[in-house]
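Enquirer: Have a look at this prediction, sequence included:
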Amino acid sequence: MDINVSSSESIIFSIFIIFTSAAVLATIALFARQALLVAYIAVGIILGPSVLSFVPDTVFSQQIAKVGIMFLLFLLGLNLHPQKLIASIMQSTLITFGTSLIFALIGFIAAMALKLPFMDQLIIAAAFMFSSTIIGLKLLPTTVLHHQHVGEIIISILLLQDILAIILLLLIETQGPDISALFALGKLALALPGLIAFAFLVERFVLIKLMSKFDKIKEYIFLLAIGWCLGIAELAHYIGLSHETGAFIAGVAIAVGPISFYISESLKPIRDFFLVIFFFSLGASLDINLAWKLLIPAIITSVVLLFIKPYVFKFLIRKSGESEQDSKEIGVRLGQLSEFSLLLGFVAFSAGLISLKASNFIQVCTIVSFILSTYLIVLKYPTPIAISDKLRRD
């Protein structure tokens, strides 16, 4: 009983200290006209194990933070009509794989410059292939028609990147393309269309009838939406996909429903609650002593990425018929590394495939790219948290 009480008090204290400190630092950031996401990361660094250690256990916050990413993708799915999504994915396939190869080359060269072993170079190259779902979409306005179109392209690219990341994770976990890896990939190829079909069938024959019958009871619709999101996310994880992919599919399945707008608006506060914890856990997981030694190479690599990515995306997206302005903006918004970069590094290190230095380099590069990319986006393009009033858009 004492253990449970102690654990409960620890969780309450952690949530208290995270949000109280985030509110204080966010207030300072707003007066100083700084980006809020950077403030949340700073809170994590300060309160985490490397500095004050007020929240020494980051596993709890990392698990909770994952829910925030799921709700983010669920809400984005609610704003996407299935036909538009299919068209965007078909348009973005060549773009996604072309850019991924180029960015992997940048990571490989950076790892070579650090004189890391060949396997470290390969994993770092793989980690550099992806862009952040959270940064790319959290900073994207949803009420402007232009950015709804930009968002459709960004979402399709990120969704394809997620599938590619899952394939790489399967290969890393099985440590090579052996029979078990091929079996897992075959299962994955069947799992994705199966989950999509299941979600749309349940939406058509069950959800839409329940929502139509009880649409006046907002509390019920709210609970049904959360249960649907988490249920499909868990089912996706069970069949070998990511929770995030399942949450996104759950959102798209009910995007054409009559009350999707209400669901979207009502879940935004919950999404933001969990995303604050995500950015906190990102900062808290950083080992300052190890990060300091790799900071200069990480900054140089991140700057190179942020400079090259817009032009690579611009070139390939222009080939698909998009305007030069939209193409470059998409590249800037996807200029950072990804949450999957962190996960790939962690899984590869846990499997004994890469060194501690390589794992830390991926982590530091990801966080530095998050910070630099956030500032670049909020200074240059409309966002919900823009530093300039002129650029602030919901």
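Expert: Received it, and whenever you're ready, just let me know what you need. Numbers count the residues shown, from 1 in each chain.

Enquirer: roughly how far apart are the closest residue to I11 other than its chain neighbours and Y40?
Expert: Nearest non-adjacent residue to I11, counting by CB to CB, 6 or more residues apart in numbering: F60, 6.8 Å away. Where you see a C-beta, it was placed from the backbone N, CA and C, and this is true even at glycine. Distance, F60 to Y40, using CB to CB, to the nearest Å: 17 Å.

Enquirer: Neighbour count for these two, which is higher?
Expert: Y40 (24 against 16; other CB atoms under 10 Å).

Enquirer: how distant is the helix or strand containing that one from the center of its chain?
Expert: Element membership for Y40 (DSSP states H and E) is helix 36-47. Computed by CA atoms, centre = their mean, to the nearest Å, the chain-centroid distance of helix 36-47 equals 17 Å.

Enquirer: tell me the phi and psi of the residue nearest to I11?
Expert: phi -60, psi -50 (degrees, to the nearest 10).

Enquirer: from what I can see it touches I12, true?
Expert: No. Look at F60 against I12 with CB atoms under 8 Å: they stay out of range, at 11.6 Å.

Enquirer: Please point out which parts of the one helix or strand L376 maps to sit buried.
Expert: L376 is part of helix 356-380 when elements are defined by DSSP H and E. If you call a residue buried by 16 or more other CB atoms under 10 Å, then helix 356-380 has these buried ones: 357-378.

Enquirer: for stretch 263-275, same thing?
Expert: So for stretch 263-275, counting by 16+ other CB under 10 Å, buried means I263, S264, S266, L267, R271, F274, L275.

Enquirer: Out of those residues, list just those in helices.
Expert: Mapping these onto helices (DSSP state H) picks out I263, S264, S266, L267, R271, F274, L275.

Enquirer: Provide a list of residues in contact with the last one.
Expert: Translated: L275. A65, G68, I69, L72, I134, K138 (CB atoms under 8 Å, 6 or more residues apart in numbering).

Enquirer: Excluding covalently adjacent residues, which one is nearest to the residue nearest the centre of the chain?
Expert: Closest to where the C-alpha atoms of the chain average out (CA atoms, centre = their mean) is T133, at 3.2 Å. Of all residues not flanking T133 in the chain, L158 sits nearest, at 5.1 Å (CB to CB, 6+ apart).

Enquirer: Got the confidence number for the one you found?
Expert: Per-residue confidence at L158 stands at 85 (pLDDT).

Enquirer: next one: the one 5 residues further on
Expert: The model reports I163 with a pLDDT of 77.

Enquirer: got it, and V303?
Expert: 91.

Enquirer: Looks like it contacts L372 (just checking).
Expert: Yes. Using CB under 8 Å, V303 is in contact with L372, at 7.0 Å.

Enquirer: so where's this protein uncertain?
Expert: Under the criterion pLDDT under 70, the flagged ranges of the chain are 1-9, 58, 80, 84-85, 142-148, 170, 173-185, 187-188, 257-258, 385-394.

Enquirer: tell me the contacts of V150?
Expert: Neighbours of V150 in contact, by CB under 8 Å, 6+ apart: L140, D326, E329, I330, R333.

Enquirer: can I assume the second one is in contact with I317?
Expert: What it means is D326. Yes. Judged on CB under 8 Å, D326 makes contact with I317 at a distance of 7.3 Å.

Enquirer: list residues touching both of the two?
Expert: I153.

Enquirer: Which one's more surrounded, the two?
Expert: I317 (25 against 18).

Enquirer: what number of residues lie near the residue nearest to that one when sequence neighbours are not counted?
Expert: Leaving aside its sequence neighbours, I317 sits nearest to S327 (CB to CB, 6+ apart; 3.8 Å). Counted by other CB under 10 Å, the residues lying close to S327 total 23.

Enquirer: Kindly report the same for A351.
Expert: So A351, with other CB under 10 Å, has 13 neighbours.

Enquirer: Now for the contacts of V150: which two are most distant?
Expert: Spanning the widest gap among those are L140 and D326, at 12.4 Å by CB to CB.

Enquirer: quick one on the thing from earlier: got the contact list for the residue nearest to the centre of the chain?
Expert: Counting by CB under 8 Å, 6+ apart, the residues that T133 touches are I69, L72, L73, L158, D162, E244, S338, E339.

Enquirer: Can you flag which of those belong to helices?
Expert: I69, L72, L73, L158, D162, E244, E339.

Enquirer: any idea which of those has the most stuff around it?
Expert: Of the ones in helices among the contacts of T133, with other CB under 10 Å as the count, L73 tops at 31 neighbours.

Enquirer: Out of the contacts of V150, who's the most crowded?
Expert: Busiest of those [other CB under 10 Å] is R333, holding 29 neighbours.
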